[in-house]
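Asker: just coords:
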């Protein structure tokens, strides 16, 4: 677990690293047929394109192996492993009744148990931010025997969650509330401790800013989806973040959460097909427009995948007011898309080496803001990545007055 001094020094080191290697992690292979760094590191580009599917899968799933492999071409990559290392928080064991978690998906239950196990005994009411059905809140009640109030904007989830609280006879009440509204601040003012497991973007930004302004005694937060919000560019929390000179777009923040371990095979297959078809259309639109640049196309439904590649391209062209010429060889064009998809997966690997670096930078920016607001802050992992890659935990405490 890092201390306050280490948070600051780690943040500076990560800032330097991200500035120095922006040419590797900023350009997006999906949009570019040639990457800016290829002329400077041609051996790496050649080696990436030569990877077979087994090698690609191994490097995609093992960050340590990826860093070692990349270090043959970029020696500085060896130092990334130490910079992104975060200790696993010891968790306290607690026996939950067997029927308690039967309504919670298995992986989600593992996340909840680990998150709850990282908390020490609070001394008053707990508020769960973006509570969903309140599964985490009920786990915390079982463990600490303290009342929990959950805030959730979806009224149907509130109804179902309150029904579960009644079934399990726990003092956990869900309130229908938009956490971005002033009402959320009033609820927060009635609690001493706040928790949030995987609150996204602006939702956890509001929690951090509101909790610190009200001086809540403790905050336990695992952030997620740093790119989701009203701002098109990242707005740093801390003074150090604002002074870092690191400018991030929404898409660059998305890189921090691209690692997944939970996607089902069918979901991954649909994703790959969509990407291959979009890349096939990309080749077509470049030829039609006579402009060698990517043209963003709005998302299309999964139903479109059943209609065929040609129909997909006609839909995409209609969205961008493009006229598709006669005589397109759809089979060859689709194959081109799949070939580009295979290449993109390989050329993404250098970017992927910076996913955790960027995520940790974003988390430390939040931690530094809380320190500036008078909190003592720890950063840890609340579970292993196999349970969830979004496993970074911010734990902030107001010093006890003596």
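Answerer: Great, that's in hand. All figures in this text were calculated on a predicted structure; none of them were measured in a lab. Residues are numbered from 1 along each chain as shown.
Asker: which strands and helices sit next to the lowest-mean-pLDDT helix or strand in the chain?
Answerer: Least confident helix or strand of the chain, by mean pLDDT, DSSP states H and E, is helix 303-307 with a mean of 81. Other helices and strands packing on helix 303-307, by 3 or more CB pairs under 8 Å, 6 or more residues apart in numbering; DSSP states H and E, are helix 265-289, helix 309-319. Heads up, the C-betas are built off the backbone N, CA and C, glycines and all.
Asker: and these: which comes nearest residue 111?
Answerer: Among the helices and strands packed on helix 303-307, helix 265-289 comes nearest to residue 111, with 18.8 Å by CB to CB.
Asker: give the buried residues for the closest one.
Answerer: 273-282, 284-285, 288 (16 or more other CB atoms under 10 Å).
Asker: try stretch 393-402
Answerer: Quick answer for stretch 393-402 (16+ other CB under 10 Å): 393, 394, 395, 396, 397, 398.
Asker: spatially, and excluding backbone neighbours, which residue is closest to the spatially most central residue of the chain.
Answerer: Nearest residue to the geometric centre of the chain (CA atoms, centre = their mean): residue 257, 2.9 Å. Excluding the flanking residues, the one nearest residue 257 by CB to CB, 6 or more residues apart in numbering is residue 225, at 5.9 Å.
Asker: ok so, going back, wait, which of the buried residues of stretch 393-402 is closest to residue 204?
Answerer: For those, the nearest to residue 204 is residue 394 (9.3 Å; CB to CB).
Asker: gap between the closest one and residue 343?
Answerer: Residue 394 sits at a distance of 38 Å from residue 343 (criterion: CB to CB, to the nearest Å).
Asker: over to residue 272?
Answerer: 13 Å.
Asker: helices of the stretch 51-200 of the chain, residue ranges please.
Answerer: Under the criterion DSSP state H, counting those that start in this stretch, the stretch 51-200 of the chain contains helices at 53-61, 63-71, 80-83, 106-117, 135-144, 155-168, 182-188.
Asker: now, the buried residues of stretch 393-402 that are in strands?
Answerer: Mapping these onto strands (DSSP state E) picks out 393, 394, 395, 396, 397.
Asker: can you lay out those as JSON lines showing distance to residue 77?
Answerer: Shown next, in JSON lines, are those (distance: CB to CB, whole Å):
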{"residue": "393", "distance to residue 77": "26"}
{"residue": "394", "distance to residue 77": "27"}
{"residue": "395", "distance to residue 77": "30"}
{"residue": "396", "distance to residue 77": "32"}
{"residue": "397", "distance to residue 77": "36"}
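Asker: could those residues be laid out in JSON lines, adding distance to residue 80 and pLDDT?
Answerer: Formatted as JSON lines, these follow (distance: CB to CB, whole Å; pLDDT from 0 to 100):
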{"residue": "393", "distance to residue 80": "21", "pLDDT": "97"}
{"residue": "394", "distance to residue 80": "22", "pLDDT": "97"}
{"residue": "395", "distance to residue 80": "25", "pLDDT": "97"}
{"residue": "396", "distance to residue 80": "27", "pLDDT": "97"}
{"residue": "397", "distance to residue 80": "30", "pLDDT": "96"}
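Asker: just how off-centre is stretch 355-372 within its chain?
Answerer: 13 Å (CA atoms, centre = their mean, to the nearest Å).
Asker: typo on my end, stretch 154-162
Answerer: Going by CA atoms, centre = their mean, where stretch 154-162 is centred and where its chain is centred differ by 25 Å.
Asker: can you check stretch 147-162 too?
Answerer: The answer for stretch 147-162 is 24 Å, by CA atoms, centre = their mean.
Asker: check which residues of it are buried.
Answerer: For stretch 147-162, by 16+ other CB under 10 Å, it's 147, 148, 149, 150, 151, 152, 153, 157, 158, 160, 161, 162.
Asker: now for those residues, which pair is the farthest apart?
Answerer: Longest span within these, CB to CB: 147 and 153, 21.2 Å.
Asker: nearest to residue 125, out of the helices and strands packed on helix 303-307?
Answerer: Among the helices and strands packed on helix 303-307, helix 265-289 sits nearest to residue 125 (CB to CB), with 38.8 Å.
Asker: and that closest one with helix 309-319, angle?
Answerer: 60 degrees (axes from the mean of the first three to the mean of the last three CA atoms, to 10 degrees).
Asker: domains in this protein, by residue range?
Answerer: 27-63+263-352, 106-259+354-397 (automatic domain parsing).
Asker: my guess is residue 246 meets residue 15, correct?
Answerer: Yes - at 5.8 Å, residue 246 and residue 15 qualify as touching, with contact defined as CB atoms under 8 Å.
Asker: anything in contact with each of the two?
Answerer: residue 361 (CB atoms under 8 Å, 6 or more residues apart in numbering).
Asker: show me the shaky parts of the stretch 251-400 of the chain.
Answerer: Applying pLDDT under 70 to the stretch 251-400 of the chain flags residues 261-263.
Asker: neighbours of the nearest residue to residue 153 once chain neighbours are set aside, how many?
Answerer: Residue nearest to residue 153 in three dimensions, not counting chain neighbours: residue 178, with 4.8 Å by CB to CB, 6+ apart. A total of 13 residues lie near residue 178 under the criterion other CB atoms under 10 Å.
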